[in-house]
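Trainee: sequence and computational prediction follow.
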Amino acid sequence: MNIVFMGTPEFALPTLEKLIASGHSVIAVVTQPDRPKGRGQGLTASPIKILARKSGIDVLQPEKAGAGEFIETLRDLAPDLIVVVAYGQILKSEVLQIPRLFCMNLHSSLLPKYRGAAPINRAIIEGEKETGVTTMKMDSGMDTGDILLVRKTEIADSDNAQTLHDRLAEIGASLALETIQQLEAQTLTPVPQDDDKATYAPKLKKEDGLIHWEKDAVSLRNLVRGLEPWPGAFTFFQSKRLRLCAVETILGEDGDTPGEVARITDHGIEVGTGRGRLVITQLQPEGKKRMSAKSFLAGHKMLKGNRLDASSTPCTSNTH
């Protein structure tokens, strides 16, 4: 098949790599324009652009995928199939109608659950025990197209968003290739999604990481795992932002107060929550690198009874 591949971040890399290594012809790659990045804010190419260039594949980077000139360029390419993996723009119906077959999307959830921009993060945050990847026949909705193939994987208790991301990227690449093989063999049967079972995974914002200590310890641990490495879960200690990088949960005790340091050990900082204790084992102080709780305590005075706050301006009243 002549395939146009549309993708941008690292999640899309394994799929493009497998397509290039297969017998299919990737006739062009479409990716987001180079963006400013890093301290110098220099323009940086997407991971997909870098791979495409190394592989000698033509790269298209429209600012808007709905622009008339870009659509005409796609039509001239006359692809059999367009494969979309985390491209980053919603495609208009004019684009969806271009390939001889259809546009196929690889989505990192078990659709119709977690439609939207952040399915990996949201599945962990919500405490799901399994997730997966889905290939679907794209339509004009947000991840609403007919399902082609699905592959599941367990969410391990040790997983965070990065480890799950990496695993799903590899599983998804294999599933995308299998979908194309079945498409050629004419053994695919698209299945409409049940909209009544749909849930959504909206784009993450930095403020989503704020720890509300009145929640239970398990939910807070899921939040930390689901937001690692970005945007990160955080609280405030002595008006300074404190990012929580790795945490555990243990049973609480009578007298624990949400957000109050209950005990300090060489292993971690135990903090009261709405139910149970959250044990901070790895953290990142404002303006510093991540470190173990033990290293943090060597350079910061933190005592039992100190408060971790949901605000950079901690309350000082006796009732707080």
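Mentor: Looks like it arrived, so ask away.
Trainee: how are the helices of the stretch 201-320 of the chain distributed by residue range?
Mentor: Using DSSP state H, counting those that start in this stretch, the helices of the stretch 201-320 of the chain run over 217-226, 293-299.
Trainee: and the ones you listed as TSV, adding distance to Gly116?
Mentor: Bear in mind the C-beta positions are built from the backbone N, C-alpha and C, glycine included. Formatted as TSV, the helices of the stretch 201-320 of the chain follow (distance: least, CB to CB, whole Å):
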stretch	distance to Gly116
helix 217-226	14
helix 293-299	34
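Trainee: what's the mean pLDDT across the longest strand seen in the chain?
Mentor: Across the chain, the strand with the greatest residue count (assigned by DSSP state E) is strand 240-250. The predicted model assigns strand 240-250 a mean pLDDT of 97.
Trainee: how about that strand: buried residues?
Mentor: For strand 240-250, the neighbour count (16 or more other CB atoms under 10 Å) marks Leu242, Arg243, Leu244, Cys245, Ala246, Val247, Thr249 as buried.
Trainee: bridged to the third one, which residues?
Mentor: This points to Leu244. Ala233, Leu283 (DSSP bridges).
Trainee: so it versus Ile71, what's the distance?
Mentor: Distance, Leu244 to Ile71, using CB to CB, to the nearest Å: 45 Å.
Trainee: ok, now the second one?
Mentor: Counting by CB to CB, the separation of Arg243 from Ile71 is 43 Å.
Trainee: and the helix or strand hosting Thr134, how far from the chain's centre?
Mentor: Using DSSP states H and E, Thr134 sits within strand 130-137. Strand 130-137 sits 14 Å away from the centroid of its parent chain (CA atoms, centre = their mean, to the nearest Å).
Trainee: so what secondary structure elements neighbour it?
Mentor: Judged by 3 or more CB pairs under 8 Å, 6 or more residues apart in numbering; DSSP states H and E, strand 130-137 is in contact with strand 102-107, helix 119-125, strand 146-154, helix 161-185.
Trainee: and the ones you listed as a markdown table, adding distance to Leu308?
Mentor: Shown next, in a markdown table, are those (distance: least, CB to CB, whole Å):
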| stretch | distance to Leu308 |
| --- | --- |
| strand 102-107 | 36 |
| helix 119-125 | 20 |
| strand 146-154 | 32 |
| helix 161-185 | 22 |
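Trainee: and these: which comes nearest Pro9?
Mentor: Closest of the helices and strands packed on strand 130-137 to Pro9 is helix 161-185, at 9.4 Å (criterion: CB to CB).
Trainee: so which bits of that closest one are buried?
Mentor: Across helix 161-185, burial judged by 16+ other CB under 10 Å covers 161, 163-165, 167-173, 175-180, 183.
Trainee: name the helices or strands packed onto it?
Mentor: Helices and strands touching helix 161-185, by 3+ CB pairs under 8 Å, 6+ apart, are helix 13-21, strand 81-85, strand 102-107, helix 119-125, strand 130-137, strand 146-154.
Trainee: quick one: closest of these to Lys289.
Mentor: Ranking these by proximity to Lys289 (CB to CB) places helix 119-125 first, at 23.0 Å.
Trainee: what's that closest one packed up against?
Mentor: Short answer (3+ CB pairs under 8 Å, 6+ apart): helix 119-125 packs on strand 130-137, helix 161-185, helix 217-226.
Trainee: and the shortest one with strand 81-85, angle?
Mentor: Regarding strand 130-137 and strand 81-85, their directions subtend 150 degrees when assessed with axes from the mean of the first three to the mean of the last three CA atoms, to 10 degrees.
Trainee: for strand 130-137, which residues meet the burial criterion?
Mentor: In strand 130-137, counting by 16+ other CB under 10 Å, buried: Thr131, Gly132, Val133, Thr134, Thr135, Met136, Lys137.
Trainee: again, but for stretch 71-79
Mentor: Across stretch 71-79, burial judged by 16+ other CB under 10 Å covers Ile71, Leu74, Leu77, Pro79.
Trainee: secondary structure class of the last one, three-state.
Mentor: It stands for Pro79. The local conformation at Pro79, judged by DSSP: H, G, I helix; E, B strand; the rest coil, is coil.
Trainee: try the second one
Mentor: Secondary structure, three-state DSSP: Leu74 is helix.
Trainee: in TSV: the helices and strands packed on helix 161-185, plus mean pLDDT and distance to His212.
Mentor: Formatted as TSV, the helices and strands packed on helix 161-185 follow (pLDDT from 0 to 100; distance: least, CB to CB, whole Å):
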stretch	mean pLDDT	distance to His212
helix 13-21	98	35
strand 81-85	98	34
strand 102-107	98	30
helix 119-125	98	13
strand 130-137	98	24
strand 146-154	98	28
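Trainee: quick one, which of these is nearest to Ser219?
Mentor: Nearest of those to Ser219, taken as CB to CB: helix 119-125 at 8.3 Å.
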